[in-house]
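Chemist: Structure, please.
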Amino acid sequence: MKIKIAFIRKHLRIFFTVVTLTSLFVFVSCDDDDDNKVPQPTANIVEYISSQPIFDTLETAILTAGLETVLSGDGPFTVFAPSNEAFNNLDPTTVNTILSTPELLTSLLQYHVVSGSVSSSDLSNGDVPTILAGQTVNVDLSNGVTLNGTSKVFQADIKATNGYVHIIDQVLIPEGFITQTITDLAVANSNFTILVDILLMPEFSDILAAASDIGSDLTVFAPTNDAFVNLLEALKKTSLDEIPVGILKEIVSYHILGTSVMSTELSNGMMAPTLLTGESVTVDLSSGVKIDNASVVAPDVKAVNGVIHGIDTVLLPSYVIEALGTVSEVYLFNTDYTILAAAIRKAELLETISTIDAITIFVPNNDAFAAAGITSLDDLTAEQLAPIILYHAVAGNVKAADLPADGMVQTVNGEKIFLGYLTNSVLINGLTTITGTDIEMSNGVIHTIDRILTPPAIDVVDIAVALSQMETGAEFTVLVSLLTDPRFAAITQIIREAGDITIFAPTDAAFAEISATIETLSDDQITKVLTYHAFMGRAFRTAITDQLSIEMVNQENITFNLGANGVSISDMSNGEDANILEVNIQGSNGVIHVIDKVLIPAFEE
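Modeler: This next block holds a predicted model:
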């Protein structure tokens, strides 16, 4: 007889009045002739179970599933009733999952119920149908009554008003009965240890929670350990820790569908949206089952909250695939460049940079953004970020050896950057050092830098000001104090308005040597000193030759001397020469050479 179970209510607790004298039978004697009368049960199956402490867990399960009305009905039914100890033998997590999932709980209880009133003497070897559709219990009478090969009936033939109860020592589990979550299955499978390690990262707590939630309904395309190893090898990484966690989380999200899909429900060419916004995987059934370029090697691993399909390759979102091998890979898969990667993506330039034929990028790391005072992109729009990003890009494959001698380079956004070839390094726009060169990728070249470039390039005055304000290693504070003094504003204006100018900039130590003299000079004399350090034109180090004499803005000359220790400058004072300490700090309107002495012009007596 087919029984249809109605879910009447959940978490209902029914308290029964236990009939005294006996728990099940009442003996009634009308006269002496009734002394041998067989006692009749007075409690139905549910009332009996509720009256026995040995069935506390079973009682809770029946009430939670809302089956108490059905099992209290006319029936008849036969219940193989697991004891508390039988439930205790199950994994606690499994018990909690069953009790928390009405569908599972109902199915499990139905599997313990046989339609009809079946005593132990009515049993025979073989399968007995249960009221759980399509499921049978196997009976073995060779040594007492054993069900499904392991569960023993240790107390039989308890008669109720609507059937029989037989007490068993192990819970019966239906064939194909699933209690494990996606997380449980992944943890239990040695092929998914890397995936599990990822899910246990703090940043993945939301994904882990969903995979562990019995209320979820997910499909997970789970890469094997070998799949992750192959990805690391392709990226030339040795550990997942080398991949920015944000990108890793996007990749994992790309492996998850928001609904459970068995392999039989897939169709050729099907595009299934993933949890990664805007990204879908593509199904290919032309040769086995493929998801994008990954073969399904372990399909339909069913969980209580979805399904796992094991795959042999890590799936990558479309923008990641475009970036692989290109200049974009360098910053997208490097923990040192997460701010740049975020800026490029926010400016919607990732695809452009990944797919362009030939490009050179000056790549600032996270510290480079901090050095420029940028620690967050929240207040910057895509429109504001785009010109900054493109100011770091040059058309073509420009290796270090190909950088122009004059240091003037046109960027993609139409602005110029100015490279200064110092003694042992290269500065861009006077403040940014190139820290690494010639990282060649399929579509271009990467040079790394320690400070972001912000268009437009600053002039030599602003470079000096910025260097004087450095938190460490500040220089030119005295020179800047003079150039920003209103008394000498005309000199500063001349420098700023010059199309090409060279400044020989004395260090603070150089000014300190003549501090007593400076205090005695008039404004006109200080003006003459300042203009004696400026030359109209860009005089790079390569243009300086021995005994070269050039006229300065104050119309007096200086002379260069080339020796074993470098370049020195003779001034009009005929005193000790000034040594050039550093060369070619280039800005938008000129170049700075650092000197260790203040140049002294000829003063009228």
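Chemist: Report the contact partners of the residue nearest the centre of the chain.
Modeler: Nearest to the mean C-alpha position of the chain, by C-alpha atoms, centre = their mean, lies G246 at 2.4 Å. By C-beta atoms under 8 Å, 6 or more residues apart in numbering, G246 lies in contact with 203, 338, 342. (C-beta placed from N, C-alpha, C; glycine too.)
Chemist: What confidence value was assigned to the first one?
Modeler: Which is E203. Among the per-residue scores, E203 shows a pLDDT of 96.
Chemist: Let me know the secondary structure of it.
Modeler: helix (DSSP: H, G, I helix; E, B strand; the rest coil).
Chemist: returning to that earlier point: for the contacts of G246, which one is nearest D508?
Modeler: Within the contacts of G246, the smallest distance to D508 is 37.1 Å, found for T338 (C-beta to C-beta).
Chemist: And the protein, what are its domain boundaries?
Modeler: Domains of the chain are assigned by automatic domain parsing as 25-168, 182-316, 336-449, 460-595.
Chemist: one step back: now which of the contacts of G246 would you call buried?
Modeler: Taking 16 or more other C-beta atoms under 10 Å as the criterion, what is buried in these is 338, 342.
Chemist: In a markdown table: the contacts of G246, plus distance to E576.
Modeler: Listed next are the contacts of G246 as a markdown table, based on distance: C-beta to C-beta, whole Å:
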| residue | distance to E576 |
| --- | --- |
| E203 | 61 |
| T338 | 51 |
| A342 | 53 |
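Chemist: List just the nearest of the contacts of G246 to R451.
Modeler: T338 (16.8 Å).
Chemist: Quick one: residues contacting the residue nearest to V171 when sequence neighbours are not counted.
Modeler: Among residues not flanking V171 along the chain, P82 sits closest, at 4.6 Å (C-beta to C-beta, 6 or more residues apart in numbering). Contacts for P82 (C-beta under 8 Å, 6+ apart) come out as 57-58, 112, 151, 168-172.
Chemist: Please name the residues that touch A358.
Modeler: Contacts of A358 (C-beta under 8 Å, 6+ apart): 395-397, 443-444.
Chemist: Please repeat the previous calculation with a cut-off of 6 Å.
Modeler: Residues near A358 by C-beta atoms under 6 Å, 6 or more residues apart in numbering: 396-397, 444.
Chemist: Only the buried subset of these, as a PyMOL command please.
Modeler: Listed next is the PyMOL selection for buried residues among the contacts of A358, using 16+ other C-beta under 10 Å:
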select buried, resi 397+444
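Chemist: So what pairs up with H593 in the strands?
Modeler: F504 (DSSP bridges).
Chemist: Equivalent analysis for H166, please.
Modeler: F80.
Chemist: Check the spacing between it and N148 real quick.
Modeler: Separation of H166 from N148 (C-beta to C-beta, to the nearest Å): 14 Å.
Chemist: Any idea how many residues pack against the closest residue to T454 other than its chain neighbours?
Modeler: Take T454 and drop its neighbours on the chain: the residue closest to it by C-beta to C-beta, 6+ apart is I388, 6.2 Å away. Neighbourhood size, I388 [other C-beta atoms under 10 Å]: 19.
Chemist: got a pLDDT number for I388?
Modeler: 94.
Chemist: Can you classify it as helix, strand or coil?
Modeler: Relying on three-state DSSP, one would call I388 helix.
Chemist: start the count at 49, not 1, going forward
Modeler: Okay, residue one is now 49; in that scheme the one you just asked about reads as I436.
Chemist: secondary structure element for the residue nearest to F536 when sequence neighbours are not counted?
Modeler: Distances taken as C-beta to C-beta, 6+ apart put L530 closest to F536, at 5.8 Å, once the chain neighbours are dropped. According to DSSP states H and E, L530 maps onto helix 525-531.
Chemist: Okay, buried residues for that helix please.
Modeler: In helix 525-531, counting by 16+ other C-beta under 10 Å, buried: 525-528, 530-531.
Chemist: rewinding a little: so for E370, which of the domains of the chain sits nearest?
Modeler: Using C-beta to C-beta, the nearest of these to E370 is domain 384-497, at 4.3 Å.
Chemist: What distance separates the opening and closing residues of the closest one?
Modeler: With C-alpha to C-alpha, to the nearest Å as the measure, domain 384-497 spans 12 Å from end to end.
Chemist: And stretch 172-180, by the same measure?
Modeler: Termini of stretch 172-180 sit 20 Å apart (C-alpha to C-alpha).
Chemist: Pull out the buried positions in that stretch.
Modeler: Neighbour count says stretch 172-180 has 176, 178-180 buried, by 16+ other C-beta under 10 Å.
Chemist: Check for me that T112 belongs to a strand.
Modeler: No: looking at T112 with three-state DSSP, it is helix, so not inside a strand.
Chemist: just for this protein, where's the confidence low?
Modeler: The chain contains residues with pLDDT under 70 at 49-86, 653.
Chemist: For the stretch 49-198 of the chain, which segments count as strands?
Modeler: 73-74, 88-89, 125-130, 161-163, 174-177, 184-188, 194-195 (DSSP state E, counting those that start in this stretch).
Chemist: Comparing these, which comes out most buried?
Modeler: Of all the strands of the stretch 49-198 of the chain, strand 125-130 has the most neighbours on average by mean count of other C-beta atoms under 10 Å, namely a mean of 26.
Chemist: now that strand and strand 184-188, what's the angle there?
Modeler: 70 degrees (axes from the mean of the first three to the mean of the last three C-alpha atoms, to 10 degrees).
Chemist: Just the C-alphas of strand 125-130, formatted as PDB.
Modeler: Provided in PDB are the C-alpha atoms of strand 125-130 (Å, rounded to 0.1, in the frame of the first residue of the first chain):
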ATOM      1  CA  PHE A 125       2.700  -0.200  10.100                       C
ATOM      2  CA  THR A 126       5.800  -2.000  11.200                       C
ATOM      3  CA  VAL A 127       8.700   0.200  12.500                       C
ATOM      4  CA  PHE A 128      12.300  -0.800  12.800                       C
ATOM      5  CA  ALA A 129      13.000   1.600  15.600                       C
ATOM      6  CA  PRO A 130      16.700   2.700  16.200                       C
END
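Chemist: got the buried residues of helix 525-531 as TSV, with distance to N92 columns?
Modeler: Compiled in TSV, the buried residues of helix 525-531 are given as follows (distance: C-beta to C-beta, whole Å):
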residue	distance to N92
T525	96
V526	102
L527	101
V528	97
L530	104
L531	101
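Chemist: now, among the residues you listed, which is nearest to T607?
Modeler: Each of the buried residues of helix 525-531 was scored against T607 by C-beta to C-beta, and L527 proved nearest at 22.0 Å.
Chemist: Show the contacting residues for the closest one.
Modeler: A553.
Chemist: same thing with P347?
Modeler: Counting by C-beta under 6 Å, 6+ apart, P347 touches 311, 357.
Chemist: Would you mind identifying the next helix or strand past the strand or helix carrying it?
Modeler: Secondary structure assigned from DSSP H and E places P347 in strand 342-351. Remark: after strand 342-351, the chain's next helix or strand is strand 354-359, criterion DSSP H and E.
Chemist: quick one: strands adjacent to that following strand?
Modeler: When DSSP bridges is applied, strand 354-359 pairs with strand 266-271 (parallel), strand 342-351 (antiparallel).
Chemist: wait, which of those is closest to L380?
Modeler: Closest among the strands paired with strand 354-359, once you apply C-beta to C-beta, is strand 266-271, at 19.0 Å.
Chemist: Using PDB, write down the CA coordinates of that closest one.
Modeler: What follows is strand 266-271 as a C-alpha-only set of coordinates in PDB (Å, rounded to 0.1, in the frame of the first residue of the first chain):
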ATOM      1  CA  LEU A 266      25.200  24.800  -5.800                       C
ATOM      2  CA  THR A 267      27.300  23.200  -8.500                       C
ATOM      3  CA  VAL A 268      31.000  23.200  -7.900                       C
ATOM      4  CA  PHE A 269      33.400  22.300 -10.700                       C
ATOM      5  CA  ALA A 270      36.200  21.200  -8.400                       C
ATOM      6  CA  PRO A 271      39.800  21.200  -9.800                       C
END
